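1. Sequence first, then the predicted structure:
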Amino acid sequence: MFDIAVIGAGPAGYSAALNARKREKSVVVIGQNTGWLTKAELIENYPGMPAISGQEMLCIMRRQAQDMGAQLRPGVVHQIIAMDESFAMSLGADFIEAKKVILCTGAKQPRLLPGEEKLLGRGVSYCGTCDGMLYRGKHVAVIAQGPEAVHEANFLASLCASVTYFGSKDEALDPRVTVRSEKVESILGDMHVSGLTAGGEDLPFDGVFIFRETMALSSLIPGLEMDGAFIRVDRQMKTSIPGVYAAGDCTGLPLQVAKAVGEGCIAALAAAKELK
Ligand SMILES: Cc1cc2nc3c(=O)[nH]c(=O)nc-3n(C[C@H](O)[C@H](O)[C@H](O)COP(=O)(O)OP(=O)(O)OC[C@H]3O[C@@H](n4cnc5c(N)ncnc54)[C@H](O)[C@@H]3O)c2cc1C
């Protein structure tokens, strides 16, 4: 079990990790190299790193966190479950446990498809490795909006009667996977998934797997109080859920590296203090 799990591998997450390590706490940072900073061609307003690309800055931050002893785990956390004295986080088929959680998930929030929330767990899944066996010999769709999609579609191809992949063609896809480029508009079904609508056409499926870079906060950690599109926090970066902190773009404006790094530091120090 880790002292602190940081969800999100951006400036807020790495700052939280560094500062937690300075307090000698065990830390895992879960996330992929897909945050907003990766899109910034040139950063000129962060002190000490003049005229640097976002990718380069992130690479330095990642190395620094790693060198200080933070463990890095690539992947997307699908759900955070509060237990008595800790939290369990689902990462593919694995679970990671930590005493405190710091959400550093950035400002990007996925737009859920009509039908998705209602049919989650009833034919809609975010994890092929976890739920694939339920669809052995069945017909499934994969909605590819994140880097895990290819790997997961190939896994499903080894189990399912058919896998239809809604996304762009990728050389690494198993030849058994059928690729379609239409945009998925909604997921169909009443008590269970019956199909989806794409390009104006209703298509029958037994299950729909969705892979994104991020999760909607409402399904990642139900019950989290929001302030509009952002997570509500106090000055210690505590959220409405005891033991859960938030930092960076996910807590509000300004969406800037300096603010993300500052909040990551505050969240880590507050979490470390509570761990004592
Ligand atoms: C084009 C562009 C230019 C910019 N230029 C500047 C600039 O010049 N100066 C400046 O200060 N700021 C700039 N910014 C803003 C800056 O990039 C952000 O403010 C900063 O990256 C916020 O850091 P963060 O850690 O809060 O979020 P992010 O950097 O967005 O990182 C969020 C991380 O969380 C991960 N994540 C989300 N959900 C999950 C989940 N469920 N499980 C696991 N991981 C998850 C994401 O994959 C990502 O790694 C720019 C942004 C853009 C897009």
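-> Done, it's in.
2. quick one: average confidence on the helix or strand encompassing V28?
-> Per DSSP states H and E, V28 falls inside strand 27-30. Throughout strand 27-30, pLDDT has a mean value of 98.
3. Burial check on the closest residue to R122 other than its chain neighbours, number of neighbours?
-> Excluding the flanking residues, the one nearest R122 by CB to CB, 6 or more residues apart in numbering is H192, at 4.8 Å. Every residue, glycine included, has its C-beta placed from N, CA and C. A count of nearby residues for H192, using other CB atoms under 10 Å, gives 12.
4. now swap in G200 and tell me
-> With other CB under 10 Å as criterion, G200 counts 8.
5. and it, what does it touch?
-> For G200, the contact set (CB atoms under 8 Å, 6 or more residues apart in numbering) comprises E185.
6. hmm, back to that, so what does the strand holding V28 touch, helix or strand wise?
-> strand 2-7, helix 11-22, strand 71-73, strand 94-103 (3 or more CB pairs under 8 Å, 6 or more residues apart in numbering; DSSP states H and E).
7. Tabulate the ones you listed (a markdown table), appending mean pLDDT.
-> Shown next, in a markdown table, are the helices and strands packed on strand 27-30 (pLDDT from 0 to 100):
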| stretch | mean pLDDT |
| --- | --- |
| strand 2-7 | 98 |
| helix 11-22 | 98 |
| strand 71-73 | 97 |
| strand 94-103 | 96 |
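8. out of these, nearest to L156?
-> Shortest separation from L156 across these is recorded for strand 94-103, at 18.1 Å, computed as CB to CB.
9. In a markdown table: the helices and strands packed on strand 27-30, plus mean neighbour count.
-> Formatted as a markdown table, the helices and strands packed on strand 27-30 follow (neighbours: other CB atoms under 10 Å):
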| stretch | mean neighbour count |
| --- | --- |
| strand 2-7 | 26 |
| helix 11-22 | 28 |
| strand 71-73 | 16 |
| strand 94-103 | 21 |
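10. Dump those to CSV, plus distance to E44.
-> As requested, those are exported to CSV (distance: least, CB to CB, whole Å):
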stretch, distance to E44
strand 2-7, 27
helix 11-22, 15
strand 71-73, 28
strand 94-103, 28
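11. Which of those sits closest to E213?
-> Short answer: strand 2-7, nearest of the helices and strands packed on strand 27-30 by CB to CB, at 12.6 Å.
12. Let me know the secondary structure of I187.
-> Assigned with DSSP: H, G, I helix; E, B strand; the rest coil, I187 falls in the strand class.
13. neighbours around it, how many?
-> 26.
14. Begin at 19, not 1, for the rest of this chat.
-> With 19 as the first residue, the last one maps to I205.
15. which non-adjacent residue is nearest it?
-> In space, I205 is closest to G133, 3.6 Å off (CB to CB, 6+ apart).
16. who's in contact with the one you found?
-> Contacts of G133 by CB under 8 Å, 6+ apart are 142, 204-207.
17. Between the two ends of stretch 246-265, how far is it?
-> The first and final residues of stretch 246-265 sit 16 Å from each other (CA to CA, to the nearest Å).
18. Likewise for stretch 90-110?
-> With CA to CA as the measure, what separates the two termini of stretch 90-110 is 15 Å.
19. who's in contact with it?
-> So stretch 90-110 is contacted by 19, 23, 25, 27, 46-50, 80, 83-84, 113-119, 144-145, 147-148, 164, 166, 229-233, 237-239, 259, 261-262 (CB under 8 Å, 6+ apart).
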